[in-house]
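S.K.: pasting the sequence and the predicted coordinates here, then a few questions.
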Amino acid sequence: MFVSSEIKTIPDLFYEALKRDISDALAYKHNGSYHPISHREYKDLVEWVALALREKGLKTHDRVAIISENRPEWAIADFACAILGLPTVVLYPTLVSSQAAFILQHSEVSWVICSDSNQLNKIMESWSELPHLHTVVVMEGEVPIVPHKNIYTWDQLVSWGRALSEHQAEVKQWASAVKPEDLLTIIYTSGTTGEPKGAMLTHRNLITNILDSAKLLNLSAGDRSLSFLPLNHIFERMVGHFTMMHVGVSIYYSEGVAKVPDNLLEVRPTVLLAVPRIYEKVFNRTLFTAAQAPLLRRLVFSLAMSIGRGSLPYRYAGRPLPFYLKYLHRVASKLVFEKILARLGGNLRMAASGGAPLAPKVLEFFWAIGLDILEGYGLSETSPVISFNRFGHIVPGSVGRPLYDTWEGRPFVKIAEDGEILCQGPNIMKGYWKNEKDTREAIGPDGYFHTGDIGYLKDGNLYITDRKKDLIITSGGKNVAPQPIENALKTNKYIPQAVVLGDTQNFISALIVPDFEVLEPWAKRQKISFQSREDLISNPRVVQKVMNQVNKINTQFSNYEQVKKIVLLGHEMTQETGELTPTMKVKRRVVNEKYQKQIAEIYS
C-alpha cells in the first residue's frame, strides 16, 4: 500500500504537487496552438478564485456546481472549492435542461460555474425552480444583464480575487482546516429507475484511491496526457485530474471529442486515459484497413500480429522477451506497429482503460503491438477503483486484483451468496445525498457496498460475469438508465413495447414491438403491400416510420441516451413467451438471448 502522511486531503495534494514547479502543468488550445499554464500560474489562479468565492459570501459546506467541458477553468474551480470546503456537484455538459435542473435543485447548490452561453441557457430555463441558487459564473463569452440575477464572467471572478492578493497567504491556512472526512464532491449516477442518486465522496475516499492507484499506473513526472474524457466522470477526475497532478504529469486539454484524433497528433501524449470505444475504433480501423490492403501487405500484417501474439505470455508476466523474439518484435514494430500507434500520437508508453469493460481481444491486440493497456473496475460510489490489472500480472478477461487484499482485517472484496460483488474500505462513499433509503440498500450493516455486479474471484483476480441491475454502461463509459427511455417510447402510439439495449456497445438501440392496429392502417394508406406482420416490419419505409417516432422521443434525452437504431418485432412480448415477469417487468437476460441474432445485426 502506498501511504503518505503528508497528503490527507485534496488541498494537501494540490500544495504538495506545486513543489514540482512544472512549466506546463496544464495546457489549452487557443488560436491554433497550445498555451501552457505553469504551476506558479496555477497556484495564483486557484487562490484568486478561492479568495473571490470567500469574499462573495460562500461558506464551508455550501455546494457549487460545475457544468463544463474539460478546460483549465474546470480544474481551477475544483481545487478552489476543495480548499474552501465547498463540495462540488459535477454535471455532464451534455445533460438537457430538465436533467440539469433536477440535480441542481436536489443538491441545493448556491453557485453554478458553467462553460458558456449554452449551459447558461439551461440554467436560465429552470432558475425559478432553484430557490437555493444565488450566482452563476460563465467561463467564456459575454453574459446578459438580467434583473435580480447574479450572472458574472470568469474573468470578473478572477479579477475580484486578484484584487485581494494581499490576503493570498491566508488561502493555504483555509486549506489546512479541511479534514479528510469532509465532503469533497457529490456525483450523480443514474439508477435503474432513472432518477439520479448523488454519491457523496469525501477527501479520504479520493485520496486513498489516488495514492494507491498511482503506484499501479506507473506514471512519472514529465509524462504528458491528453484529457478528453468528461471531468465529471469519476474515472477521469480521479486519474486524469487528481492523480496526474499528484504525480507531476502535464495535462493537455482536448478541444472536444471530435478533435481528439487531431489533438493526439499535436500533443503526442506519453500516457493515455480512455474508454474502450477509443481503443475499439483503432482496433476496428486497423483490421478493416488490413483487410483492404494488397496481398503482400496483408501477409506482412498477419506475420507481424503473429509475432506480437507470441510476445504476450512474456509481456503479461513482465518478463523480458527472448533475444530472437525481441528482434522480431522490433522489426514488426518498424514495419507495422509504429504506423498503428502513430494514430494515437506515436509517443505512448502506457494507457489505461476504464468506465466500461474492454473486450479481451482488443486488450490483446494492443499489448501485442507494444502498447501496455491497464484495465480496472470500479464505480462512482467506490471513488472509483476496486480492482486493477498490474504490470507483470495481466490476466485478459479479468479486471485485475482488488486494490487491497484486506482492509482493517476484513476482505476488501468478497462475493455474496448470490454472486454479487461486495466491497468495503476507505474508498466507499458516505452515502447518497438526501437519500437514506437507497443508502441503506447500497451499504449493508456490515459496511460492505453492494456493487450490483455479479462476479467471482479466481487466483486473486476479479472477474465480472453479469450485471445484477439493469443499468446500461456504454463502451464510452456513460451510464444509461433504460427504463425512462422505454417509458418515454411507450408514450408514442406506434410503440406499445420497447426494450432498450446498449450495454458495452458504443450507442443505444431498441427492440420495438409496434402497435399493429395503428401501423397496418398507416401502411395501407401509404400503399405498402404486405402479406404478414413479418412482411410489414421488414419494409424499410415502415422501419423508418417507427424510427421517426423514436426520434421525436429522443429530443427528451441527452445524445448518449438517444436510441440510434431499432429492430421491429412481429409479436408481443408476454409472460407466456418468456420475456416478461409476472409483474410485467422485462427479463433482459432472456431478451438478450432470445433476440441475439437481431441484436447482433444492430451492432454488426
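M.R.: Structure's in. What do you need?

S.K.: so which residues of the stretch 151-300 of the chain form strands?
M.R.: With DSSP state E, counting those that start in this stretch as the criterion, the stretch 151-300 of the chain has strands at 183-189, 197-202, 224-227, 250-253, 271-274.

S.K.: want to throw those strands into TSV with distance to Phe388 and mean pLDDT?
M.R.: C-beta: built from backbone N, CA, C; applies to glycine. Formatted as TSV, the strands of the stretch 151-300 of the chain follow (distance: least, C-beta to C-beta, whole Å; pLDDT from 0 to 100):
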stretch	distance to Phe388	mean pLDDT
strand 183-189	20	97
strand 197-202	19	98
strand 224-227	17	99
strand 250-253	21	99
strand 271-274	13	96
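
S.K.: save these as a markdown table, and put in distance to Ile566 too.
M.R.: Listed next are the strands of the stretch 151-300 of the chain as a markdown table, based on distance: least, C-beta to C-beta, whole Å:
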| stretch | distance to Ile566 |
| --- | --- |
| strand 183-189 | 27 |
| strand 197-202 | 29 |
| strand 224-227 | 35 |
| strand 250-253 | 36 |
| strand 271-274 | 29 |
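
S.K.: so which of these gets nearest Asn435?
M.R.: For the strands of the stretch 151-300 of the chain, distance to Asn435 was read as C-beta to C-beta. The smallest value, 5.8 Å, belongs to strand 197-202.

S.K.: what's that closest one packed up against?
M.R.: Judged by 3 or more C-beta pairs under 8 Å, 6 or more residues apart in numbering; DSSP states H and E, strand 197-202 is in contact with helix 97-107, strand 183-189, strand 431-432.

S.K.: tell me which of the ones you listed is the most buried.
M.R.: Stretch with highest mean neighbour count among those: strand 183-189 (a mean of 23; mean count of other C-beta atoms under 10 Å).

S.K.: output it as PDB, restricted to C-alpha atoms.
M.R.: Presented in PDB, the C-alpha positions along strand 183-189 are these (Å, rounded to 0.1, in the frame of the first residue of the first chain):
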ATOM      1  CA  LEU A 183     -17.400  16.100   1.900                       C
ATOM      2  CA  LEU A 184     -15.500  16.800  -1.300                       C
ATOM      3  CA  THR A 185     -18.000  16.200  -4.100                       C
ATOM      4  CA  ILE A 186     -21.400  14.800  -5.000                       C
ATOM      5  CA  ILE A 187     -21.500  12.800  -8.200                       C
ATOM      6  CA  TYR A 188     -25.000  11.900  -9.500                       C
ATOM      7  CA  THR A 189     -25.300   8.500 -11.100                       C
END
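
S.K.: direction included, what does that strand pair up with?
M.R.: Its sheet considered, strand 183-189 pairs with strand 88-91 (parallel), strand 197-202 (antiparallel) by DSSP bridges.

S.K.: the first one: which residues count as buried?
M.R.: By that I understand strand 88-91. Using 16 or more other C-beta atoms under 10 Å as the test for burial, strand 88-91 gives 88-91.

S.K.: and it, how far from the chain's centre?
M.R.: 14 Å (C-alpha atoms, centre = their mean, to the nearest Å).

S.K.: what does that strand contact?
M.R.: With C-beta atoms under 8 Å, 6 or more residues apart in numbering as the test, strand 88-91 has contacts from 63-67, 77-78, 81-82, 100, 103-104, 107, 109, 184-188, 198, 231-232, 237.

S.K.: and the last one, by the same measure?
M.R.: With C-beta under 8 Å, 6+ apart as the test, strand 197-202 has contacts from 87, 89, 103, 106-107, 180-189, 191, 234, 380-381, 383, 429-435, 438.

S.K.: ditto for stretch 510-521
M.R.: 485-486, 489, 493-501, 533, 536-537, 542, 545-546, 550, 563, 565-569, 571-573, 591, 595, 598-599.

S.K.: if we can go back for a sec, so which of the strands of the stretch 151-300 of the chain comes closest to Gly141?
M.R.: Nearest to Gly141, of the strands of the stretch 151-300 of the chain and by C-beta to C-beta, is strand 250-253 at 17.7 Å.

S.K.: who are the packing partners of that closest one?
M.R.: Packing partners of strand 250-253 (3+ C-beta pairs under 8 Å, 6+ apart): strand 26-30, strand 224-227.

S.K.: could you look over the ones you listed and pick the most buried one?
M.R.: Sorting these by mean neighbours (by mean count of other C-beta under 10 Å), the first place falls to strand 224-227, with a mean of 23.

S.K.: how far does stretch 35-51 sit from its chain's centre?
M.R.: Distance, centroid of stretch 35-51 to centroid of chain: 26 Å (C-alpha atoms, centre = their mean).

S.K.: what's the offset of the longest strand along the chain from the middle of its chain?
M.R.: In the chain, assigned by DSSP state E, the strand with the most residues is strand 449-458. Offset of strand 449-458 from its chain centre (C-alpha atoms, centre = their mean): 20 Å.

S.K.: for that strand, name the packing helices and strands.
M.R.: strand 413-415, strand 420-423, helix 436-442, strand 461-467.

S.K.: surely Ile602 meets Gly502?
M.R.: No: with contacts counted by C-beta atoms under 8 Å, Ile602 stays clear of Gly502, the gap being 9.2 Å.

S.K.: what's the overlap in contacts for those two?
M.R.: Going by C-beta under 8 Å, 6+ apart, residues that sit against Ile602 and also against Gly502 are Ser509.

S.K.: more neighbours, these two?
M.R.: Comparing Ile602 with Gly502 by other C-beta atoms under 10 Å, the one with more neighbours is Gly502, at 26 against 18.
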